[in-house]
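1. Any chance you can model this:
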Amino acid sequence: MSVVDEAALAAVRAHMKSVRIPGFHDKVYKDECMFSYDDPESPGGLYVNLATLQGFGESFLPLDHSRTGGGLYLHLVHRRVPLPKAEVEAARQAAQAAGQLLLNAPTYRLDKAMALVVVNGPGPEQRLRVPLPCPDLPERVLQAIDAVVKHESVTQAEALAVFEEPRRVSKYAAGLEQLNTGRKISPNPADWRCDETGVTENLWLNLSTGFIGSGRKNWDGSGGNGAALRHFEAGGRKYPLVVKLGTITPHGADVYSYAPDEDDMVEDPGLAQHLAHWGIDIMQMEKTEKTMSELQADLNTGYEFSRITEAGAALVPLAGPGHTGLINLGNSCYMNSVLQLLLTLPEVVGRYGGGAAAAGGGGGLFTSAPADPSNDLPTQLAKVAVALAQGRTGHVKPAEAEAAMEVDGEELVPLPDDERVTAVRPLSFKSCVGRGHPEFASGRQQDAAEYFTHLLELIARAEHTQAQRLGISGGGADVGSSADLGLLPLPTAFRFNLQDRVQCGESGAVSYKRQPHSLLMLQVPLEAATNSEAVAEYRDRQAKRQRLKEQSAQAYIGAAPEGATAGAAESAAVPAQVSGPGSGAAVVVVAEGEEEAVLPRVPFDACLQRFSGAEVVEDYRSAALGGRATTATKTTRFASFPPYLIMQVNRYFQDKDWTLKKMEVLVDVPDVIDLEPLRAPAGPAPGEVLQPEQQPEQQQQQQQQPAAAAQPAQAPAAAPQPDPALVAGLVDMGFGEAACARAAAAVSNAGLEAAMEWLLAHLEDPDINDPLPAPGAAPAAAAAPAAAAAAAAAEADPEKVSTLAGMGFSEEHAKAALQACSGSLERAADWLFNHMDDLDTAVAKVLSEAAGAAAAAAAAPAAVGAAGGSSGSAGSAPVVDGPGRYELVGFISHMGSNLACGHYVAHIKKDGRWAIYNDEKVAVSEHPPRDLGYLYLFRRLPAQQ
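-> Below you'll find the predicted structure:
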């Protein structure tokens, strides 16, 4: 114990008022720095601000002190100390004697040191350090330190939340039978032992019988010996509920039901009463063992993906700036691959990884971060960007890891490799992006393309509401290819317009429609495969093998090279490795009757031809025919090309059982592609007849509107004032207050969902962040949006109406849904299904609001004039058009039978060479599998190349 003088105590007391003692619901960030990946094991340790309960690395301590004025910090320093080799071997032998399989025996211990640091300025010389424990410190400070040490960290809680699924209440809990055996369980964990085997770990108490038994084994051999389950079986399967000793706290415990109809983790609402029967006071218990969620997290993150991705090549590892890995958090490879691909772009690194990492890490985005940086997407993206771009992982390789050492004559086991030296754990980023999302917040595997789209949407919102902080000054209109992407919103770099040309099959009239996109999806035409014969022969051989196997025949069918006879292959006496010239497969391996699969090989140009080819549209509502249904032909072209093109090769199809399955096919994607031949013409071709802009019934409706407007005008109703509670709810989602107020007023405070839909549809409005006009001000300013809404309603896309009608909805319902959702087909479909219970009422409300908007538009000719004739482009997102020639920068591949499983890997070209990013492993790629990619990133080439 340390002793502190009166001067030091006075310095501590000066900051004591701001000290917080964390309660159960408080968040304590004691495992990782808020702005970097420093932790207690980093060279400088971690400093926990006792006022905000946030942790900071050595380099960010001055920044936090200047931002918060924090004076008292708990300094945590952890060091790995290698264990003697004899001690490790003794542990293995003891486990083996107890019948346990110890795969990963501890080879080091973690020495933990703590100190209270009084910070009075930015320099190290302005810090006063008090080693702990120190009983002379004020009681409040000691209580705060003790609470922080015992409190579960946010990092650990978020890691567990990924794997925690909602648990149902066991139907056996309500009337649980508990036997009166007279047994009382000691509250001391040292007294707990398996009643059958005597082991002291992973113990489960049967709530009915009082039997303490060992749990079941895990897949890797760890866990227990199954005594608790055997007791349940021996008792006639009558008493199924067990609770894990060591997980009992006043807030609950792990309860499992062995009943065959449950056989899962469950909830026991009467757990406190059931434990009291055995003498356990739940209010006095403390957690001493890992919960099942913690164990599952350990098993998932420790699982080693050993699949060889490049034909067994010995890959040269890479590390450092630009080659930092991302540790798999348990099925997070989809996120890791997307982040690696996104953060290879200089514009992204410049915005999020440049100024954010000023001297000492105290500049840019970190300086302007909100009080809680964990919920701020720009801060979290900057945290990852700095780590990847500069290689700042927060860890270094210790000298003890180099080779075995001797201390006092004892040989020490070398420290194992620490993946945190060359990679970081993006847990806080995953939590920030996935917060509130049912899939991306879970620990399940996800689709990388969907995650990219979701992430880009969140970045668009954040950059729109924090444009000044991020240095964004453009993005209000289309710009040329010479525009500085560093000044534009990030989604602009990927945004392009596709133009659909639809020609009526009867009248020949043509319509053009442009839509913004951020991802180009290409379908794969299997019928265009260049090696169909080789594939058919391979499948025939596989079918023969299967028939022979079913007949238990001892036969061997070999794969013959093209031009050789089948008999020659079948008579091969030894396994051979042969190539298949012209077969389409790079290598066909024949070994013990097995050969590498021969997959269809489809040219990339065939995918482009499928994309740009003519498509027949059935049941097309032609305006030239008065809205009558007919057939039409649709072709798609590029109206603009983005600086960066994300291309998705859709390898998945919907099987007969409605599940998505993977199409095993090779697509030869070249290094350079030229899409200029697919650019849409500047205007209609000579002699083309355009479709009427409005259908006859819509014209009739608009003819009735002037008559209604010609009636004596009443005083306009006062514009609804935004509901403060609704505005606050939107602000919590990351939008600006002025924009939220406009959304609330626009939907007449109809609710959070309606306001959110309006806000997402109007993010690009130039006045979205302007304050609302004062009550009683001239309504002309509000008439323009109303006129735009009326115009949008009048120009409902016939194709979208037809699509929704094909789902079983009437035309009137489809048009109302499109109007309510600003023309978005996907959101309109969701709107219809969400209002199924009272669809007619919801549609009537939308149509009545449209009629009122039209009347207001007629009463405000100036506003109508501003909006008229441009409703189709007024809200269009800006694009940065340029040449359509691109070079391949990187791609993401997926290994697995469907999107719900498998593994994602990224390949990225940096400094003229390809590198593979397989989570925390980064290495030189000798043979990047461009023909197996799922998402491809292309960079636009200058015009002269």
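2. Confirm Arg79 sits in a strand?
-> Yes - counting by DSSP: H, G, I helix; E, B strand; the rest coil, Arg79 falls inside a strand.
3. Touching, it and Tyr108? I think so.
-> No - counting by Cβ atoms under 8 Å, Arg79 stays clear of Tyr108, with 9.4 Å between them. In short, each C-beta sits where N, CA and C put it, glycine included.
4. Compare the two (neighbour count), which wins?
-> Using other Cβ atoms under 10 Å as the criterion, Arg79 and Tyr108 rank with Tyr108 on top: 19 against 15.
5. measure that one to Leu415 for me?
-> Per Cβ to Cβ, to the nearest Å, Tyr108 is found 6 Å from Leu415.
6. list residues touching both of those two?
-> When contacts are counted by Cβ atoms under 8 Å, 6 or more residues apart in numbering, Tyr108 and Leu415 have Arg80, Pro82 as shared neighbours.
7. element containing the residue minimising distance to the centre of the chain?
-> In the chain, the centroid-proximal residue (Cα atoms, centre = their mean) is Phe440; its distance is 4.5 Å. Under the criterion DSSP states H and E, no helix or strand holds Phe440.
8. my guess is Phe638 meets Asp674, correct?
-> No - under the criterion of Cβ under 8 Å, Phe638 makes no contact with Asp674, lying 11.8 Å away.
9. Now the common contact residues for the two.
-> Here Phe638 and Asp674 have Gly884 as joint contacts, going by Cβ under 8 Å, 6+ apart.
10. mind giving me the domain ranges of this protein?
-> The chain breaks down by the TED database into domains covering 6-152, 189-300, 325-393+419-475, 724-762, 798-850.
11. Out of these, indicate the one that is most buried.
-> Looking across these with neighbours counted as mean count of other Cβ atoms under 10 Å, the highest average goes to domain 325-393+419-475: a mean of 21.
12. next one: it to chain centre, how far?
-> On the basis of Cα atoms, centre = their mean, to the nearest Å, domain 325-393+419-475 sits 11 Å off its chain's mean C-alpha point.
13. What mean pLDDT does that domain get?
-> Across domain 325-393+419-475, the average pLDDT comes to 87.
14. still on that earlier bit, quick one, what contacts the residue nearest to the centre of the chain?
-> Contacts for Phe440 (Cβ under 8 Å, 6+ apart) come out as Met335, Lys430, Val433, Gly434, Gln446, Tyr451, His454.
15. Same list, the residues you listed, but as TSV with distance to Val665 and secondary structure please.
-> TSV is the format used below for those (distance: Cβ to Cβ, whole Å; DSSP: H, G, I helix; E, B strand; the rest coil):
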residue	distance to Val665	secondary structure
Met335	26	helix
Lys430	31	helix
Val433	31	helix
Gly434	31	helix
Gln446	22	coil
Tyr451	23	helix
His454	27	helix
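16. wait, which of those residues is closest to Arg351?
-> Taking Cβ to Cβ as the measure, Arg351 lies nearest Val433 of these, at 17.0 Å.
17. now Asp919: how far from Gly823?
-> 40 Å.
18. same check, this time on Leu229
-> Distance from Leu229 to Gly823, by Cβ to Cβ: 58 Å.
19. same deal with Glu89?
-> Per Cβ to Cβ, Glu89 is found 71 Å from Gly823.
20. Likewise for Arg930?
-> 37 Å.
21. go on, Pro878?
-> For Pro878 relative to Gly823 (Cβ to Cβ), the value is 18 Å.
22. Ser337 now?
-> In terms of Cβ to Cβ, Ser337 sits 33 Å off from Gly823.
23. Now do Phe833, the pLDDT please.
-> 68.
24. and Glu89, that one's in a helix?
-> Yes - counting by three-state DSSP, Glu89 is part of a helix.
25. give the contact list for it.
-> Not one residue lies near Glu89 by Cβ under 8 Å, 6+ apart.
26. Tell me, what's the model's pLDDT at it?
-> Looking at Glu89, its pLDDT stands at 81.
27. Excluding sequence neighbours, find me the nearest residue to Ser332.
-> Of all residues not flanking Ser332 in the chain, Lys430 sits nearest, at 6.2 Å (Cβ to Cβ, 6 or more residues apart in numbering).
28. Correction: the previous question concerned Thr367.
-> Spatial nearest neighbour of Thr367, excluding adjacent residues (Cβ to Cβ, 6+ apart): Leu63 at 6.7 Å.
29. which SS class is the one you found?
-> Of the three states, Leu63 takes helix under three-state DSSP.
30. Torsion angles phi and psi at Pro131?
-> Main-chain torsions, Pro131, degrees, to the nearest 10: phi -60, psi 150.
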